[in-house]
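J.: I'd like to go over a predicted model; first the sequence, then the structure.
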Amino acid sequence: MNDNEQPPVTIITGRVWREAGGDSEGVHVMLMAPDDDTAVRLALEALAQEGYAEAELDQIGEMEGAPDEEPHLSAWQGATEGEIAIVTFDEPA
């Protein structure tokens, strides 16, 4: 990576619960972090701050550029600006 390139946005996927034993929601967390361990720690802290009682994280990876559609495009933009963006969605039955 040269000095003009922005570090990649990390995306973490999984499930979250507002209440232990309650209904789960799918989650995508987007952020920038120096390594996977830091990314996971920051994601879990952000989810706890947002009131999630439990989280199960499944995958972590780097995004290859901006997504095409909302709400992920806004979340990606926020992550490039230093925010930890959380996108939740209903899981398929």
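T.: That came in fine, so what should we check first?
J.: what helix or strand does I86 sit in?
T.: For I86, the enclosing helix or strand under DSSP states H and E is strand 85-89.
J.: the helices in the chain, which residues?
T.: 36-49, 72-80 (DSSP state H).
J.: What's opposite V27 in the beta bridge?
T.: G14, T88 (DSSP bridges).
J.: What distance do you get for it to Q6?
T.: Distance, V27 to Q6, by Cβ to Cβ, to the nearest Å: 24 Å. From N, CA and C alone the C-beta is placed, and that goes for glycine too.
J.: Please apply the same query to L57.
T.: 24 Å.
J.: can you check E19 too?
T.: 37 Å.
J.: next one: W17
T.: Counting by Cβ to Cβ - W17 and Q6 are separated by 33 Å.
J.: Please identify which of these two sits among more neighbours.
T.: W17 (17 against 8; other Cβ atoms under 10 Å).
J.: Contact partners for the nearest residue to that one once chain neighbours are set aside?
T.: What sits nearest to W17 in space, not counting adjacent residues and going by Cβ to Cβ, 6 or more residues apart in numbering, is E54, at 4.2 Å. Counting by Cβ atoms under 8 Å, 6 or more residues apart in numbering, E54 makes contact with 16-17, 20.
J.: and the gap between E54 and G82?
T.: Separation of E54 from G82 (Cβ to Cβ) stands at 26 Å.
J.: Same question for A75.
T.: 13 Å.
J.: burial of the nearest residue to G61 once chain neighbours are set aside, as a residue count?
T.: Distance criterion Cβ to Cβ, 6+ apart; nearest residue to G61, sequence neighbours excluded, is I11 at 5.9 Å. Counted with other Cβ under 10 Å, residues neighbouring I11 total 23.
J.: Verify the stated contact: I11 with H28.
T.: Yes. The criterion here is Cβ atoms under 8 Å, and I11 meets it with H28 at 5.9 Å.
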